[in-house]
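J.: Predicted structure and sequence below. I'll ask about it afterward.
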Amino acid sequence: MNVYRTKAELKAFVASTRAGGKTIGFVPTMGYLHEGHASLLRQARSENDIAVLSIFVNPLQFGPNEDLDRYPRDEERDLALARECGIDAVFMPSVQEMYPQQPLTSVIVHQITGRLCGASRPGHFDGVGTVVSKLFHLVMPDRAYFGLKDAQQLAVIQQMVDDLNFAVDIVPCPIVREPDGLALSSRNVYLSALQRQQAVVLSRTLAEAEQWLHRPEITVEQFLKLIVERIQTAKEAELDYAELLRYPSLQPLEPQQKTAELGEKLILALAVKFGATRLIDNRIFESAEG
């Protein structure tokens, strides 16, 4: 496994790979890898000739009061997991290497970034779009793998790829969970024992949501009221948002519309704080009908 710290090294590797006619699968991450990341890496490894991982904690996607400095990092552990998953190359640049000067260009996706985490974290997805665009130009992957846990990010990246004609297929990958249902996240390490115990309220609420969604008499507004009440049974939980939206457009629904009559793809997206730790989770429904 090769580890590259500079853009020049990575570009030379990509040029050599491309010259050999090999396909490249790419998994961009911010490191502190867990089994969720490993599932993406294994899929990239199995579906491509060459698998590339990037590890970069991107400052552009953190707000002024967010956890950039305390974001967990463990380079040795990350590289060990990458080797275990059969990764061919890891790109681990410094901030100075990625942004030698303050960038004057950014990639901004409108509309779908204005809700959910985009509303809670202004500018976040501008940073995501910019860094992923840079990485796509450097790695030139045939396929790039993103987890559905951050379904809004996936929608934003797919929109960017479609609008700007990137020559890459975006591959959505399922959420990986702990045995008790909690979605794997690098931020889970911040939870206290009590917060960790109560954090399963997200996955349990999502599991219960499907039966509520199919009730013939329930409206979107009533459905969301049930969701909020269920989350509030966890004393440590502070709700950021709970929204039922069309997916992947993330367009809102009419509050008085009956959920059982919604014959379209929907997402129930949750963001909940436990102390200073903000967790997200979601469930995508192909249709509320039937």
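T.: Noted; the coordinates are in hand.

J.: Local confidence estimate at residue 67?
T.: Residue 67 carries a pLDDT score of 77 in this model.

J.: got any ranges where this structure has weak pLDDT?
T.: Low-confidence regions of the chain, defined by pLDDT under 70, span residues 288-290.

J.: Show me how it divides into domains.
T.: Following automatic domain parsing, the chain resolves into domains at 2-173, 186-284.

J.: any idea how far the last one is from the chain center?
T.: Its chain's C-alpha centre and that of domain 186-284 lie 16 Å apart, by Cα atoms, centre = their mean, to the nearest Å.

J.: again, but for the first one
T.: In terms of Cα atoms, centre = their mean, the centre of domain 2-173 is found 10 Å from the chain centre.

J.: Quick check: end-to-end length of it?
T.: 25 Å (Cα to Cα, to the nearest Å).

J.: out of the domains of the chain, nearest to residue 179?
T.: domain 186-284 (10.2 Å; Cβ to Cβ). C-beta coordinates here come from the backbone N, C-alpha and C atoms, glycine included.

J.: Which residue lies nearest the spatial centre of the protein?
T.: Centroid check for the chain by Cα atoms, centre = their mean gives residue 150 as the closest residue, at 3.0 Å.

J.: burial of the closest residue to it other than its chain neighbours, as a residue count?
T.: The shortest distance from residue 150 to any non-neighbouring residue, by Cβ to Cβ, 6 or more residues apart in numbering, is to residue 280 (6.6 Å). Look at residue 280: counted by other Cβ atoms under 10 Å, it has 22 neighbours.

J.: surely residue 280 meets residue 269?
T.: Yes. In this structure residue 280 lies within contact range of residue 269 using Cβ atoms under 8 Å: 7.3 Å.

J.: which ones are touching residue 85?
T.: Counting by Cβ atoms under 8 Å, 6 or more residues apart in numbering, residue 85 makes contact with 38, 41, 42, 45, 51.

J.: again, only using 6 Å
T.: With contact set as Cβ atoms under 6 Å, 6 or more residues apart in numbering, residue 85 has these partners: 38, 41, 42, 45.

J.: among those, who's most crowded?
T.: Comparing the contacts of residue 85 by number of neighbours (other Cβ under 10 Å), residue 41 comes first, having 23 neighbours.

J.: Name the next helix or strand downstream of the host helix or strand of that one, please.
T.: For residue 41, the host element (DSSP states H and E) is helix 35-47. Once the chain leaves helix 35-47, the next helix or strand it forms, by DSSP H and E, is strand 50-55.

J.: then the next helix or strand after that following strand to PDB, C-alphas only?
T.: Once the chain leaves strand 50-55, the next helix or strand it forms, by DSSP H and E, is helix 75-84. This file holds the C-alpha atoms of helix 75-84, laid out as PDB (Å, rounded to 0.1, in the frame of the first residue of the first chain):
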ATOM      1  CA  GLU A  75      -3.300   7.900  11.500                       C
ATOM      2  CA  GLU A  76      -1.700   4.600  12.500                       C
ATOM      3  CA  ARG A  77      -5.100   2.900  13.100                       C
ATOM      4  CA  ASP A  78      -6.500   4.300   9.900                       C
ATOM      5  CA  LEU A  79      -3.600   3.000   7.800                       C
ATOM      6  CA  ALA A  80      -3.800  -0.500   9.400                       C
ATOM      7  CA  LEU A  81      -7.500  -0.700   8.500                       C
ATOM      8  CA  ALA A  82      -6.800   0.400   5.000                       C
ATOM      9  CA  ARG A  83      -4.200  -2.300   4.600                       C
ATOM     10  CA  GLU A  84      -6.600  -4.900   6.000                       C
END
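
J.: does the residue of the chain positioned farthest from its centre count as helix, strand or coil?
T.: In the chain, residue 217 marks the outermost C-alpha relative to the chain mean, sitting 33.4 Å out by Cα atoms, centre = their mean. Using DSSP: H, G, I helix; E, B strand; the rest coil, the structure places residue 217 in coil.
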